[in-house]
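Novice: only geometry, no sequence info:
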Ligand SMILES: O=c1ccn([C@@H]2O[C@H](COP(=O)(O)OP(=O)(O)O)[C@@H](O)[C@H]2O)c(=O)[nH]1
Ligand SMILES: O=C(O)[C@@H](COP(=O)(O)O)O[C@H]1O[C@H](CO)[C@@H](O)[C@H](O)[C@H]1O
C-alpha cells in the first residue's frame, strides 16, 4: 500500500503526543494512579452497558470489583446498565458485585428508548463519579488493565477530557481466530467518513471502540446518540467541546469481543452514517476541520505500536464524455 506521506501535521502531532500505552498490567502503576486520584479528589464510576450479556458480564464485574474496588480502590462504583436484557444479565452482574440499574428505571419521566447510547446517557444520571469509564460487557480477553489504562491520561493531565482505548482487534471466524479483522464497521464505514469530514480525528485508531473514559463535566455537555451511533457522535461532539488537545487515546493491547453478524453490523453502520451526516450538516463553522479530507489514514501494527499509513482517496474523476466529444472525434 503506497504511503502517501504523513497525516496532516496537526493530526500526526496529536497521534504522537496523545497516544499513551498500557498494553498490560505491567504497563500501569496502580499505586501512582491511586495517589493521583486522591490528590485530585476524584470519584470514579465504571459503567458497563449490557444487553443479554449473561455469558461474560459476571467475570468482567468480578475482576473489576476485586482488583479496582477492593484491592486497589481506584474505582468507587461499578454499575451495570441493564439495557432491556431478556436473559439473567442483571442477576449475574449483581451477584458479581455490580450495582445494576435498568435503563428504563432512570429518569422515567423522560421515557426509555432502545439502544446502547440510551444506556450510556442514562448512566450519567445513575452514577456520581467525576470521572466515568465505559466498558463493553462482552469482552473475552484479559481486560484487567483497561480501567487503569483509561484513567491514566485523565489523572495525569487536567487538560484532557476524554480518552479512547485503542487495540488490535482479532476476529474469530468459524472458530478460527485471525490476528486482525475485527472492527469491520470501523474500517469500512466510520474511519473513511471521519477522515473525510473531520481529518483532525484521523489519528484515532479505534474511533468506535467501546472502552473510553471522560470527565463528567465534558460528557454532560454533549448529546448521546441512543443507538450504536453513540461512539462516533461523542467523538465528533467532544472534538467541538474540548478541542483535539482535550482528547487522547491509550493503547490497551488487544480486544476480543463477541461479534455480531454482517447483517447486524449493516444496521449499525446505518446508524453511524446517520449520526455522521447529521453532524456534518451542521456546517463547517461548527467544526475544526480546516480543509476537506483527501487522505485516508489506516493503522497497521509493527509488534510494538500502531503505524499510520495514509493513502489518497480524494475523488478523481473524468468529465462526462459528451463534454469531450469534439476532442474525441478530432483525435480519431
Ligand atoms: O441496545 C443495546 C446494544 C448493545 N448494548 C451493549 O453495548 C455493548 C456493545 O454492543 P455490541 O456487542 O452489540 O456491539 P459490538 O461490540 O458487536 O459492536 C455490549 O456490552 C452490549 O451488551 C447495550 O447495552 N444496549
Ligand atoms: O468497531 C466496530 O466496527 C464494531 C464491530 O466490531 P467487529 O467487526 O464485530 O469486531 O464494534 C464497535 O462499534 C460499536 C459502535 O460504535 C461500539 O458500540 C462497540 O462497542 C464496538 O465494539
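Specialist: Ah, there it is. Everything quoted here is computed from the prediction, not taken from an experiment. Ligands and ions are numbered 1, 2, ... in the order given.
Novice: Just list the residues touching the closest residue to ligand 2 within the stretch 151-300 of the chain, thanks.
Specialist: Residue nearest to ligand 2 within the stretch 151-300 of the chain (Cβ to the nearest ligand atom): residue 210, separated by 2.4 Å. No exception for glycine: its C-beta is placed from N, CA and C like everyone else's. By Cβ atoms under 8 Å, 6 or more residues apart in numbering, residue 210 lies in contact with 134-136, 231, 257.
Novice: again with residue 125
Specialist: Residue 125 sits next to 106-107 when contact means Cβ under 8 Å, 6+ apart.
Novice: where's it relative to ligand 1, distance?
Specialist: The gap separating residue 125 from ligand 1 is 16 Å, by Cβ to the nearest ligand atom, to the nearest Å.
Novice: Shouldn't that residue be within a helix?
Specialist: Yes - using DSSP: H, G, I helix; E, B strand; the rest coil, the assignment for residue 125 is a helix.
Novice: Near ligand 1, which residues of the stretch 151-300 of the chain? Just list them.
Specialist: Near ligand 1, the residues belonging to the stretch 151-300 of the chain are 210, 257, 259-260 when assessed by Cβ under 6 Å from any ligand atom.
Novice: List buried residues within the residues you listed.
Specialist: Among these, the ones that count as buried by 16 or more other Cβ atoms under 10 Å are 210, 257, 259.
Novice: Ramachandran angles for the second one?
Specialist: Put plainly, it is residue 257. Backbone dihedrals for residue 257, given as degrees, to the nearest 10, come out at phi -140, psi 170.
Novice: Could you check how many residues crowd around the spatially closest residue to it that is not a sequence neighbour?
Specialist: Sequence neighbours aside, residue 138 is the residue nearest to residue 257 in space, at 4.8 Å (criterion: Cβ to Cβ, 6 or more residues apart in numbering). Neighbourhood size, residue 138 [other Cβ atoms under 10 Å]: 21.
Novice: before we move on, back to that, arrange the residues of the stretch 151-300 of the chain next to ligand 1 in CSV, one row each, with secondary structure and pLDDT as further columns.
Specialist: As requested, those are exported to CSV (DSSP: H, G, I helix; E, B strand; the rest coil; pLDDT from 0 to 100):
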residue, secondary structure, pLDDT
210, coil, 98
257, strand, 92
259, coil, 90
260, coil, 90
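Novice: Could you measure from the residue nearest to the spatial centre of the chain over to residue 40?
Specialist: Centroid-nearest residue in the chain, with Cα atoms, centre = their mean: residue 209, separated by 3.3 Å. Separation of residue 209 from residue 40 (Cβ to Cβ, to the nearest Å): 25 Å.
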